[in-house]
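# return a 3D structure for these sequence lines:
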Amino acid sequence: MESAFRFQLIDLPAESRIRGIRSSRNSLVFVCTGGYSEGLERSAGNLHYHPAGDEQRADLGTTSPKLLGICFADGYENPSLTRWLSDRREPGIGMVTPTLLRIWREMSLPNPYPQVLDGLAYEVLGWLDPGRIEERQIPKWLWRAFERISSDPLGDHTLSSVAAEVSIDRTHLAREYRRRVGLSVGEHLRRLRVSRAWDLLRQGETIEAAALKTGFYDAAHLKRHFASSTGWEAGVLKSEFRN
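Below is the predicted model of the structure:
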């Protein structure tokens, strides 16, 4: 079965110049490894948006970057998201990093599964959509809880402490948080912490050091949640940057 989106995993040649590439679809480009210049410096972990017809230009340095391209599905319409992406071009990716890494992992397999890729692409677009949470008319106390966790993912948050901060019963918080956000409080925290751990790993930190700096008990704890969130073994992904 054909994928509704078009996915590309691209190794660009070092010390080259790319000009005149245009896509007929809106697309996202995620820098998996390496980096390049596109007017602005792009490095691993950057995500940027190209509207349909936008010319893609790149000047490469001494390393060969690996890029993940996701062209939007034909017929995909979300005007608010498209406007938001067009205004920013460089969306923040804390919540979507694990999903982008999972797409990269799936694309690295000999036979990527189209339905899996489509589902992950819609998940990325869902997390990037600025109206995903705001437009659900959620209670102010729940929005405060969401913002508290999002702004300080390395804080010592528990369900009880977050409930106390917003003056709500912990059971009610747990139920409404999952129903309206789509994740439990703990899942939200782990997703953000895994994203931060990936940042540290690609900067050269050991798995042990990254675990301690991102709120995990130890390396084994980080490895377990890293694999379940991204599809990658932390050590295997770290070796991608050494290579």
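
# G45 is in what secondary structure piece?
Using DSSP states H and E, G45 falls within no helix or strand.

# run a quick neighbour tally on it.
Using other C-beta atoms under 10 Å, G45 has 18 neighbouring residues. Using the backbone N, CA and C atoms, a C-beta is placed for each residue, glycine as well.

# where does pLDDT dip in this structure?
Scanning the chain with the threshold set as pLDDT under 70 gives 1-3, 15, 19-20, 36, 38-41, 60-62, 75, 130-137, 243.

# the same query, at a cut-off of 50, please.
In the predicted model of the chain, residues 1 satisfy pLDDT under 50.

# ok, longest helix in it?
Looking only at the chain and at elements set by DSSP state H, the helix with the highest residue count is helix 185-202.

# what does it contact?
Helix 185-202 has contacts (C-beta atoms under 8 Å, 6 or more residues apart in numbering) with 33, 44-45, 93-95, 97-98, 101, 145-146, 149-150, 153-154, 157, 159, 162, 173-174, 177, 181, 183, 207, 209-211, 213-216, 222, 225-226, 229-230, 234, 237-238, 241.

# any quick ChimeraX command for the buried ones out of those residues?
Command for ChimeraX, covering only those of the contacts of helix 185-202 found buried under the criterion 16 or more other C-beta atoms under 10 Å:
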select :33,44,45,93,94,95,97,98,101,145,146,149,153,157,159,162,173,174,177,181,183,207,210,211,213,214,215,216,222,225,226,229,230,234,237,238
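
# out of the contacts of helix 185-202, list just those in strands.
Residues of the contacts of helix 185-202 located in strands (DSSP state E): T33.

# and the longest helix of the chain, C-alpha only, in PDB?
The C-alpha coordinates for helix 185-202 follow below in PDB (Å, rounded to 0.1, in the frame of the first residue of the first chain):
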ATOM      1  CA  VAL A 185       1.200  13.400  33.300                       C
ATOM      2  CA  GLY A 186       4.100  10.900  33.600                       C
ATOM      3  CA  GLU A 187       4.000  10.200  29.800                       C
ATOM      4  CA  HIS A 188       4.200  13.900  29.100                       C
ATOM      5  CA  LEU A 189       7.200  14.300  31.400                       C
ATOM      6  CA  ARG A 190       9.000  11.300  30.000                       C
ATOM      7  CA  ARG A 191       8.500  12.400  26.400                       C
ATOM      8  CA  LEU A 192      10.100  15.800  27.100                       C
ATOM      9  CA  ARG A 193      12.900  14.200  29.100                       C
ATOM     10  CA  VAL A 194      13.700  11.700  26.300                       C
ATOM     11  CA  SER A 195      13.900  14.700  23.900                       C
ATOM     12  CA  ARG A 196      16.400  16.400  26.200                       C
ATOM     13  CA  ALA A 197      18.400  13.200  26.600                       C
ATOM     14  CA  TRP A 198      18.700  13.000  22.800                       C
ATOM     15  CA  ASP A 199      20.000  16.500  22.700                       C
ATOM     16  CA  LEU A 200      22.700  15.600  25.300                       C
ATOM     17  CA  LEU A 201      23.600  12.300  23.500                       C
ATOM     18  CA  ARG A 202      24.200  14.000  20.200                       C
END
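
# tell me which residues of it come out buried.
185, 188-202.

# what of stretch 113-132?
Buried residues in stretch 113-132, counted by 16+ other C-beta under 10 Å: 117-118, 120-121, 123-125, 127-129, 132.

# ok, now stretch 76-96?
For stretch 76-96, burial by neighbour count (16+ other C-beta under 10 Å) applies to 76, 78, 81-82, 84-85, 91, 93-96.

# swap in stretch 35-53?
35-36, 38, 42, 44-50.

# just the C-alphas of that stretch, formatted as PDB.
The C-alpha trace of stretch 35-53 is given here as PDB (Å, rounded to 0.1, in the frame of the first residue of the first chain):
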ATOM      1  CA  GLY A  35      24.600  20.000   9.600                       C
ATOM      2  CA  TYR A  36      24.700  22.600   6.800                       C
ATOM      3  CA  SER A  37      24.000  26.200   6.000                       C
ATOM      4  CA  GLU A  38      20.800  27.400   4.400                       C
ATOM      5  CA  GLY A  39      21.200  31.100   5.100                       C
ATOM      6  CA  LEU A  40      20.900  30.000   8.700                       C
ATOM      7  CA  GLU A  41      23.000  27.300  10.200                       C
ATOM      8  CA  ARG A  42      21.200  23.900  10.400                       C
ATOM      9  CA  SER A  43      22.400  21.300  12.900                       C
ATOM     10  CA  ALA A  44      21.200  17.900  14.100                       C
ATOM     11  CA  GLY A  45      17.900  18.300  15.900                       C
ATOM     12  CA  ASN A  46      16.600  21.200  13.800                       C
ATOM     13  CA  LEU A  47      13.200  21.000  12.200                       C
ATOM     14  CA  HIS A  48      12.200  23.400   9.500                       C
ATOM     15  CA  TYR A  49       9.300  23.900   7.200                       C
ATOM     16  CA  HIS A  50       9.200  24.500   3.400                       C
ATOM     17  CA  PRO A  51       6.000  25.600   1.800                       C
ATOM     18  CA  ALA A  52       5.100  24.200  -1.600                       C
ATOM     19  CA  GLY A  53       7.200  25.800  -4.300                       C
END
